[in-house]
Every structure is written in C-alpha cells, then in structure tokens.
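**Q** Quick one, fold the following:
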Amino acid sequence: MEPVRNTVLLSTAYLPPVEYFYYLLKARKVYIEQFETYPKQTYRNRCEIYSEKGKMLLSIPVTKPEGNHTKTKDVIIFNGQRWFLNHWRAIEAAYLGSPFFLYYRDELETFFTGRHENLLRFNLSFLGTVCKMIGIEPSVELTHGFVKSPAGSTDLRFAISPKKPPTLKHFPAYIQVFSERHGFVPNLSIIDLLFNLGPDTVDYLETLGN
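**A** Got it, this is the predicted structure:
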C-alpha cells in the first residue's frame, strides 16, 4: 500500500468501515466530498455489521430532489419508512453481547430518532461523535467544489466501497460476538470494532498500516 499522503479525500459515509477510520487517523487533512453526483449502493448511506447470521447490510432510504443529477450535499433521508428503528434494533441484537455495547449505547442511540433530514449532515454529526468515542481528532473539511482528479491528495472517494476489495490488505483478527459461529469478518462498520475493543480501538487502527 502507498503511504498515506498529508491530504486524503473521502466520500461521506454512514458508520463507515474500519479502513475509513485508518485514514482519518493517519491523514493530516481530510476532505469529504459534497459536490459529487450522488452514486448508488455505496457506504454513503449504508454500513455492514456482524449479526447472528453473519454480515448484515443496513441501508438508509434516501430521496434525491434533483433526480440522478442530485449532489451528495442535497440528498435527503426518507424517514417515512422508520428505518432508524429497524437499524437500532439490528445493532442492539447484534452487539448486546459485546464487551462495550452498554458503555457506548446511550450516545449512539440518540442518532436513531428520525429527526435528521440531510444525509451529509447526519453522517458528519455521527462521524464526529464516533471519533470522540475512539479518541481521535481528525482535521475534517468539506470540499469546495468537485475536482475529478485532485493533485497531491490520496483520492479514496470511490475506492472505499462495498463493491471493491478493501484498500488495506491486512486486518488482524479480534474477538467478535459471533466469531465462533461464522469466523472473523474484517473491515465491518467501525461500531463492530468499537463495541468489541472499546478503548483499544485506536491501537488496532494503528496496526493496519504496519
């Protein structure tokens, strides 16, 4: 893997995978894209957790005011389906048996109320809370315009994707709630790491670049 440059360009993401936080930890400056034309089936509105049946996808329903030309900054969360209740129930069922779920649950549960409308703002707020829980303070800023091929940056806007292999090659195994049933599943949502490792989450992220 190439060394992380001082500046990293990321997409917005809903409870992003572990690799996403590695770059938040290592980059001097992170820009999150807001002016792209919103793409489907990405981590921008979905995450992956570890349920009793194995890997489970959670997806936030969204609406695009400008149709297929809608920019990410304008995408609206569709709360009519009450997705937030289903997501929280799934997370609770998956991680109630983890060592640190009860420690973090109250602060996380506040995001599953249906009060948020703008997807980008929701993701940014959630990201800030999770970063505080982990104990990292990345320098994060939104882009000021869309640049197709930015110079001098590590561009990961489309590289970190559920449809592509992880950008990092090695994810050391740790004990997960259902490891004995399905084995170790790497690079899930950051909450899988947080609920299972708690304060050791940063130490784990540090090992990913070795």
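**Q** dump the residue contacts of Trp88.
**A** If you count contacts by Cβ atoms under 8 Å, 6 or more residues apart in numbering, Trp88 has them with Glu109, Phe112. No exception for glycine: its C-beta is placed from N, CA and C like everyone else's.
**Q** in a helix, that's where it is, yeah?
**A** Yes. In this structure, Trp88 lies within a helix as judged by DSSP: H, G, I helix; E, B strand; the rest coil.
**Q** From Phe111, how far off is it?
**A** Computed with Cβ to Cβ, to the nearest Å, the distance linking Trp88 and Phe111 is 9 Å.
**Q** Given the helix or strand hosting Leu9, what are its sheet partners and their directions?
**A** Here Leu9 is covered by strand 7-10, with elements defined by DSSP states H and E. Note on strand 7-10: by DSSP bridges, its sheet partners are strand 29-32 (parallel), strand 154-155 (parallel).
**Q** Need the CA coordinates for that strand. CSV is fine.
**A** Backbone C-alpha positions of strand 7-10 (Å, rounded to 0.1, in the frame of the first residue of the first chain) are rendered in CSV as follows:
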residue,chain,number,x,y,z
THR,A,7,-4.3,15.2,2.4
VAL,A,8,-6.9,12.5,1.9
LEU,A,9,-10.2,12.8,0.0
LEU,A,10,-13.1,10.7,1.2
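**Q** by contact count, what packs against whatever helix or strand Leu25 lives in?
**A** With elements delineated by DSSP H and E, Leu25 resides in helix 18-26, which encompasses its position. With contacts defined as 3 or more Cβ pairs under 8 Å, 6 or more residues apart in numbering; DSSP states H and E, helix 18-26 has these neighbours: strand 7-10, helix 190-197, helix 201-207.
**Q** Could I get the full set of strands for this structure?
**A** Counting by DSSP state E, the chain has strands at residues 7-10, 29-32, 46-51, 54-59, 62-63, 76-77, 140-142, 154-155.
**Q** Looking at those, which is nearest to Phe195?
**A** Evaluated with Cβ to Cβ, the strands of the chain place strand 46-51 nearest to Phe195, the distance being 9.4 Å.
**Q** Specify the beta-bridge partners of the residue lying closest to Gly152 once chain neighbours are set aside.
**A** Among residues not flanking Gly152 along the chain, Thr7 sits closest, at 6.4 Å (Cβ to Cβ, 6 or more residues apart in numbering). Under DSSP bridges, the beta-bridge partners of Thr7 are Lys29.
**Q** so where's the chain shaky on pLDDT?
**A** When residues are selected by pLDDT under 70, those of the chain lie in 1-5, 210.
**Q** Could you measure from Tyr50 over to Tyr174?
**A** Tyr50 sits 11 Å away from Tyr174, taking Cβ to Cβ as the criterion.
**Q** circling back: what would the strands paired with strand 7-10 look like in TSV with distance to Phe21 and mean neighbour count?
**A** Written out in TSV, the entries for these read as follows (distance: least, Cβ to Cβ, whole Å; neighbours: other Cβ atoms under 10 Å):
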stretch	distance to Phe21	mean neighbour count
strand 29-32	11	19
strand 154-155	15	19
